[in-house]
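In: based on what follows, work out the 3D shape:
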Amino acid sequence: MTKVNKKSGGWSTVRQQLTNWDKPALLALLKDLYEVTAENRDFVNARGQAGEGGGEALEKYRSKIVEQFFPARGDGKLKLGEARKVIRDYRKATGNIRGTAELLMTYVENGTQFTHEYGDIDERFYNSVESVLEELVELLCGKAREIYPEFRDRLARLEQMSDGIGWGFHDFVGDVVAQLEAELED
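Out: Below you'll find the predicted structure:
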């Protein structure tokens with residue numbers, strides 16, 4: 001029987017190498033990574049502002065979400081996967097629950113506003129917006145219970161804005177808002 005060798009490389013190998021580097025060498029590596037891509041820059045900036053409620057980094061991530069629905073020029077691309085990736089990237093970079101909830105809410109508000117302004121979209125679109133709203137509910141009913149009051153009015157406006165939208169979307173939003181009120185109201 002042949003023994004399968006584990007691939008060399010990987011985080012374990014890199015970690016062993018990095019433990020021997022001094023601080024200036026690590027900072028130089030971080031600087032190089034920072035300069036390679038905008039995504040790396042956003043990640044490092046967000047990590048640096050994680051405890052500050054998000055700051056400029058949160059606004060940058062928020063604008064990336066809004067851009068998918070309402071770009072500065074032209075029509076929305078509706079690359080929903082990219083907008084959702086922005087939320088995952090922010091969460092991974094910061095671990096900031098309040099900022100993550102804010103980005104989830106931004107996605108749902110903009111998705112609802114988009115269909116309100118441009119009419120009926122398709123099932124995939126509504127499923128995506130609903131799943132992000134479910135993720136927000138999970139967060140607000142779990143780790144972020146204490147910030148629910150900050151979202152209460154926005155959720156009520158969301159329910160009003162969704163009135164008349166098809167595919168059962170308005171009913172879904174109404175059920176979610178009622179669930180949150182029942183579970184989290186003082």
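
In: mind listing residues that contact stretch 139-152?
Out: Here stretch 139-152 makes contact (Cβ atoms under 8 Å, 6 or more residues apart in numbering) with 97, 98, 100, 101, 104, 105, 136, 180, 181, 183, 184. All C-beta spots, glycine's among them, are computed from the backbone N, C-alpha and C.

In: do I have it right that the fourth one meets residue 138?
Out: No - proximity of residue 101 to residue 138 does not meet the contact threshold set by Cβ atoms under 8 Å, at 10.3 Å.

In: among the contacts of stretch 139-152, who's most crowded?
Out: Neighbour counts for these (other Cβ atoms under 10 Å) peak at residue 104, which has 26 neighbours.

In: what separation is there between that one and residue 145?
Out: As judged by Cβ to Cβ, to the nearest Å, residue 104 and residue 145 stand 15 Å apart.

In: with adjacent residues omitted, what lies nearest to residue 66?
Out: Nearest non-adjacent residue to residue 66, counting by Cβ to Cβ, 6 or more residues apart in numbering: residue 110, 5.6 Å away.

In: and the helix or strand where that neighbour lies, what does it pack onto?
Out: Assessed by DSSP states H and E, residue 110 sits inside helix 97-118. Secondary structure elements in contact with helix 97-118, counted by 3 or more Cβ pairs under 8 Å, 6 or more residues apart in numbering; DSSP states H and E, are helix 55-69, helix 80-94, helix 123-141, helix 148-162, helix 169-184.

In: which of the ones you listed sits closest to residue 114?
Out: Between residue 114 and the helices and strands packed on helix 97-118, the tightest spacing by Cβ to Cβ is seen for helix 55-69, at 4.6 Å.

In: show me the shaky parts of the chain.
Out: Across the chain, the ranges flagged by pLDDT under 70 are 1-8, 26, 46-54, 186.

In: what do you get if the cut-off is 50, keeping everything else the same?
Out: For the chain, no stretch has pLDDT under 50.

In: so what's the residue nearest to residue 66 up against?
Out: Shown in contact with residue 110 (Cβ under 8 Å, 6+ apart): 65, 66, 68, 69, 70.

In: show the buried residues in those residues.
Out: 65, 66, 68, 69 (16 or more other Cβ atoms under 10 Å).

In: need those residues in CSV (columns: distance to residue 122).
Out: Conversion of those to CSV gives the following (distance: Cβ to Cβ, whole Å):
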residue, distance to residue 122
65, 20
66, 21
68, 15
69, 15
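
In: looking at those, which is nearest residue 92?
Out: Set against residue 92, the nearest of those by Cβ to Cβ is residue 65 (15.5 Å).
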